[in-house]
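# Sequence first, predicted coordinates after that:
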Amino acid sequence: MAIELEGGVSGSQVPTVDGELVVVPSMTSVQAGEEFELRVSGKGLRSVNALSFAIPYDAQQVEYVGIEAKGMKYMRNLTYNRLHSNGQKALYPTFVNIGWQDFLEGDSDLMVIRFKAKQTIKVNLPVKDIILVDKDLNEKRCAEVK
C-alpha cells in the first residue's frame with residue numbers, strides 16, 4: 001500500500017474523504033488536428049490522499065496528448081492510457097500520495113488533460129468511475145461527469 005512507503009503515514013486522525021471533481025472542456029467542438037483540454041478541478045475536497053477516474057474515448061476520433069498536474073501537491077502521477085482487449089481506449093488519470101504528504105483540501109485546479117482531434121467532433125468525453133480515497137482507505141465514489 002502506498003501509504004506505508006517512504007516513512008508511512010501519521011497515526012493522527014483526519015476527517016473522512018469528501019468532495020467532487022468538476023471537468024470542463026476548453027472547447028465544445030474541434031476540427032481535425034486541433035488540440036483541446038479537459039480542466040479538472042476539485043470542489044469541497046477533504047482529506048483526499050489519492051484519486052482516480054476513467055475517460056473512455058474513441059481512438060479514431062481523438063488521441064491522448066498528455067496530462068499536466070496543477071494542484072496535485074506531492075502526489076505521484078500514475079496515469080495510464082490503456083487499450084483494452086476489446087479495442088476500446090481509456091485514459092485512467094490516477095494520482096496517489098506516497099508516504100505522509102499533504103492531502104488535497106478545499107477548492108482547487110488539479111490538472112489539465114490534453115487531447116488532439118483526428119476528425120471534426122463535438123467534445124463529449126465522459127468522466128467515469130471517479131474515486132477519492134483518504135489515508136485510511138475510505139473512499140468516495142462520485143457521480144459520472146459529462
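Thanks, I have it.
# can you pull the contacts of the closest residue to Tyr74 other than its chain neighbours?
Distances taken as C-beta to C-beta, 6 or more residues apart in numbering place Gln101 nearest to Tyr74, at 4.3 Å, with adjacent residues excluded. For glycine as for every other residue, the C-beta is placed from the backbone atoms N, C-alpha and C. By C-beta atoms under 8 Å, 6 or more residues apart in numbering, the residues touching Gln101 are Asn49, Lys73, Tyr74, Met75.
# Just the buried residues of these.
Asn49, Met75 (16 or more other C-beta atoms under 10 Å).
# how far away is the residue nearest to Tyr74 from Phe95?
Per C-beta to C-beta, to the nearest Å, Gln101 is found 11 Å from Phe95.
# any common contacting residues for these two?
Residues touching both Gln101 and Phe95 (C-beta under 8 Å, 6+ apart): Met75.
# Identify the residues contacting Lys140.
The neighbours of Lys140, taking C-beta under 8 Å, 6+ apart as the test, are Val17, Asp18, Gly19, Ile131, Leu132, Val133.
# Throw those residues into TSV and include secondary structure and neighbour count, thanks.
What follows is the contacts of Lys140, written out as TSV (DSSP: H, G, I helix; E, B strand; the rest coil; neighbours: other C-beta atoms under 10 Å):
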residue	secondary structure	neighbour count
Val17	coil	24
Asp18	strand	14
Gly19	strand	19
Ile131	strand	15
Leu132	strand	25
Val133	strand	20
